[in-house]
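Visitor: What follows is a predicted protein model with its sequence.
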Amino acid sequence: MNERDSFGSKFGILVALAGSAVGLGNLWRFPYLVGNNGGAVFIILYLLFLTIICLPLMITEFVVGRRSQSNVFGAFKVLSQGKSGKAWGKIGFISVISALVILSFYSVVGGWTVDYITQAVCFNFKEGLDYEQTFRYSSENAFRPLIFTLIFLLFTAVVVIMGVNKGIEKYTKVMMPLLFVMVIMLAIRSLTLKGAGEGVKFLFRPDWSKFTIDTVLSALGQSFFSLSIGCGTIITYASYVKRNENIVRLSTETALMDTLFALLAGTAIMPAVFAFGLTPAEGPGLVFVIIPQIFSQLPMGGIFAILFFVVLFFAALSSSISLLEVMVAYLIEEIHWSRKAAVAISSLSVTVLAVLCSLSLGMLKHVTLLGNNIFDFMDKLSANILLPVGGLLFVLFAGWKMTDKEYFDEITNEGSLHFSPVFLKILRFIVRFVAPLVIVLIMLVSFLK
Ligand code: PHE
């Protein structure tokens with residue numbers, strides 16, 4: 001039997017995981033949700049869910065992925081072998097669907113970043129330009145966004161075809177540190193603008209009148225989305241992680257890095273929004289309408305704009321390859337397709353849905369599903385429903401189907417790592433009781449309201 005592909009170095013795993021976590025979720029989705037949901041209250045809820053649910057869940061996905069050494073579909077089959085309840089083997093399927101749904105709108109936004117790079121490189125973003133009009137042109141036009149979406153998907157597919165070690169690891173190793181430096185630069189620039197203080201207040205001073213069940217559900221969804229939890233990306237990557245790595249440390253480091261990126265992105269965007277007297281509740285166009293406008297009014301803004309959209313593109317790419325890898329690993333290991341065929345077929349299915357998402361902002365605007373256009377529907381369906389439900393099933397499996405011994409053996413590398421017994425008890429308690437109850441409660445309240 002062939003050895004499974006695995007990551008070459010500890011640094012390589014960390015950047016690949018951080019590469020999956022850090023993406024449009026941090027730089028595009030987080031700032032616009034913060035803007036729509038009143039700022040600090042949303043951020044507090046987001047941080048709370050991140051700590052009490054998503055970090056334990058991430059550790060749990062690591063446990064499942066590394067123990068089973070399998071893709072998300074096979075993982076549950078392998079681990080439930082010899083135990084009753086074959087149905088668990090099917091959980092993985094929800095994950096493959098979630099990855100497909102996320103990629104369908106993610107690649108459209110990825111396409112916008114490619115479009116904006118080309119515009120920035122041509123120094124199109126001048127003072128006085130109508131930026132809403134520009135964004136509308138880039139997002140609502142029938143063909144233009146489709147071409148850029150296809151380019152984005154092509155990049156994704158090429159990296160995934162090259163395989164884990166040669167493709168994903170090599171490429172994220174260079175991009176992540178670069179990305180970090182650029183976002184810090186942008187945040188510093190934004191904070192030093194005149195009038196930036198209002199934006200800082202918006203980010204960090206809570207206005208509790210903004211607390212609603214929708215904010216709670218969006219914050220829960222965003223914490224799943226941002227950490228790439230609930231759809232098996234961590235399970236898939238974890239299956240490539242060596243047996244002697246400390247998975248608690250890896251998860252904590254990934255979560256910290258991801259949170260840092262989100263907060264930095266918020267800090268890069270909100271103060272500038274206020275400094276220029278613009279509105280934070282701009283929706284999915286926020287980054288695309290506001291950022292080039294801000295840059296156009298700054299010295300050397302043209303160069304900053306190019307940098308920013310290049311950063312956004314690479315962040316998006318390292319996440320989209322992790323999403324495609326979920327689908328591809330499933331097709332290779334469960335259906336026994338070649339990597340190339342698996343990439344081709346999964347990219348093709350994503351393309352069909354992506355075309356619908358993109359057209360739903362223009363030509364198909366009138367088509368609505370439960371009051372949302374197709375793009376928003378896919379976005380909400382995945383972040384607020386599919387990921388939390390996937391996560392719920394993962395914790396139920398790990399909490400109630402795996403024994404304490406199996407769970408702890410994997411965390412402690414069969415006893416060779418030592419953690420405080422209190423930490424292990426709390427973790428297990430969260431996995432068995434807290435996480436499932438909180439997820440179920442929030443979903444019930446938001447559906448019954
Ligand atoms: N976490 C990624 C981001 O923030 C998106 C993603 C979600 C990737 C789920 C994989 C799985 O952009």
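Guide: Structure received. Just so you know, these numbers come straight off a predicted model, no measurement behind them.
Visitor: Report the secondary structure element holding Ser139.
Guide: Here Ser139, judged by DSSP states H and E, is contained in helix 131-140.
Visitor: and that helix, what other elements does it pack with?
Guide: Contacts of helix 131-140 with other secondary structure elements, assessed using 3 or more CB pairs under 8 Å, 6 or more residues apart in numbering; DSSP states H and E, are made with helix 91-121, helix 144-161, helix 286-296. (C-beta placed from N, C-alpha, C; glycine too.)
Visitor: Next, work out how far apart the closest residue to the ligand within the stretch 151-300 of the chain and Leu331 are.
Guide: Using CB to the nearest ligand atom, the single residue of the stretch 151-300 of the chain nearest to the ligand is Ser228, 3.5 Å away. Separation of Ser228 from Leu331 (CB to CB, to the nearest Å): 20 Å.
Visitor: who's more crowded, these two?
Guide: Ser228 (31 against 21; other CB atoms under 10 Å).
Visitor: who's in contact with Arg119?
Guide: Quick fix: residue 119 is Gln, not Arg. With contact set as CB atoms under 8 Å, 6 or more residues apart in numbering, Gln119 has these partners: 125, 134, 138, 292.
Visitor: Between these, which sits nearest Met378?
Guide: Proximity of those to Met378, judged by CB to CB, is greatest for Ser138, which lies at 18.9 Å.
Visitor: so how many other residues sit close to the residue of the stretch 301-449 of the chain at minimum distance from the ligand?
Guide: Here the stretch 301-449 of the chain gets closest to the ligand at one residue, Ser319, 4.0 Å apart by CB to the nearest ligand atom. Residue neighbour count, defined by other CB under 10 Å, stands at 27 for Ser319.
Visitor: where's it, which helix or strand?
Guide: Since the elements are taken from DSSP H and E, Ser319 ends up inside helix 301-334.
Visitor: same question, Phe377
Guide: Taking DSSP H and E as the definition, one finds Phe377 inside helix 374-380.
Visitor: give me the low-pLDDT residue ranges for the stretch 101-250 of the chain?
Guide: Along the stretch 101-250 of the chain, segments meeting pLDDT under 70 span 164-169, 171.
Visitor: what does it put close to the ligand?
Guide: Contacts of the stretch 101-250 of the chain with the ligand, taken as CB under 6 Å from any ligand atom, map to 102, 225-226, 228, 231, 233.
Visitor: mind listing which of these are in helices?
Guide: Secondary structure assignment (DSSP state H) places 102, 225-226, 233 from these within helices.
Visitor: Tell me the one among these nearest to Gly19.
Guide: Among these, Thr233 lies closest to Gly19 (CB to CB), at 10.5 Å.
Visitor: roughly how far apart are the residue lying closest to that closest one once chain neighbours are set aside and Leu154?
Guide: Using CB to CB, 6 or more residues apart in numbering and skipping residues adjacent in sequence, the residue nearest Thr233 is Ser322, 4.6 Å away. Plainly put, Ser322 is 17 Å away from Leu154 if you go by CB to CB.
Visitor: Per-residue pLDDT of Met1, please?
Guide: Confidence at Met1, expressed as pLDDT, is 34.
Visitor: Leu286 now?
Guide: At Leu286, the model reports a pLDDT of 88.
Visitor: quick one, what contacts the residue lying closest to it once chain neighbours are set aside?
Guide: Once its chain neighbours are removed from consideration, Leu286 has its nearest residue in Tyr32; the separation is 4.1 Å (CB to CB, 6+ apart). Under the criterion of CB under 8 Å, 6+ apart, the neighbours of Tyr32 are 282-287.
Visitor: What residues does the stretch 301-449 of the chain have near the ligand?
Guide: By the criterion of CB under 6 Å from any ligand atom, the positions of the stretch 301-449 of the chain lying close to the ligand are 319, 322-323.
Visitor: hmm, try it at 5 Å
Guide: Along the stretch 301-449 of the chain, the residues adjacent to the ligand under the rule CB under 5 Å from any ligand atom are 319, 323.
Visitor: Walking through the stretch 301-449 of the chain, point out its helices one by one.
Guide: With DSSP state H, counting those that start in this stretch as the definition, the stretch 301-449 of the chain shows helices at residue ranges 301-334, 339-359, 374-380, 387-396, 404-411, 421-429, 435-448.
Visitor: between the helix holding Ser319 and helix 144-161, how many degrees?
Guide: For helix 301-334 against helix 144-161, the angle between stretch directions is 50 degrees (axes from the mean of the first three to the mean of the last three CA atoms, to 10 degrees).
Visitor: List the buried residues for helix 301-334?
Guide: 301-302, 304-334 (16 or more other CB atoms under 10 Å).
Visitor: now swap in stretch 40-57 and tell me
Guide: In stretch 40-57, residues buried by neighbour count (16+ other CB under 10 Å) are 40-43, 45-46, 49-50, 53-57.
Visitor: Could you do stretch 66-86 as well?
Guide: Those buried within stretch 66-86 under the rule 16+ other CB under 10 Å are 66-77, 79-80.
Visitor: Please save the CA atoms from that stretch in CSV.
Guide: The C-alpha trace of stretch 66-86 is given here as CSV (Å, rounded to 0.1, in the frame of the first residue of the first chain):
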residue,chain,number,x,y,z
ARG,A,66,-5.3,11.9,12.4
ARG,A,67,-6.7,8.8,14.2
SER,A,68,-8.5,7.6,11.1
GLN,A,69,-5.8,8.7,8.6
SER,A,70,-8.6,9.2,6.2
ASN,A,71,-10.6,11.7,4.2
VAL,A,72,-13.7,13.2,5.9
PHE,A,73,-16.0,10.5,4.5
GLY,A,74,-13.8,7.5,5.3
ALA,A,75,-12.9,9.0,8.8
PHE,A,76,-16.2,8.2,10.4
LYS,A,77,-16.4,4.8,8.7
VAL,A,78,-13.0,3.8,10.0
LEU,A,79,-13.6,5.1,13.5
SER,A,80,-17.0,3.6,13.9
GLN,A,81,-15.9,0.1,12.7
GLY,A,82,-16.9,-2.6,15.1
LYS,A,83,-19.4,-0.3,16.8
SER,A,84,-23.1,-0.1,16.2
GLY,A,85,-24.6,2.6,14.1
LYS,A,86,-23.4,2.4,10.5
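Visitor: tell me the mean pLDDT for that stretch?
Guide: When pLDDT is averaged along stretch 66-86, the result is 77.
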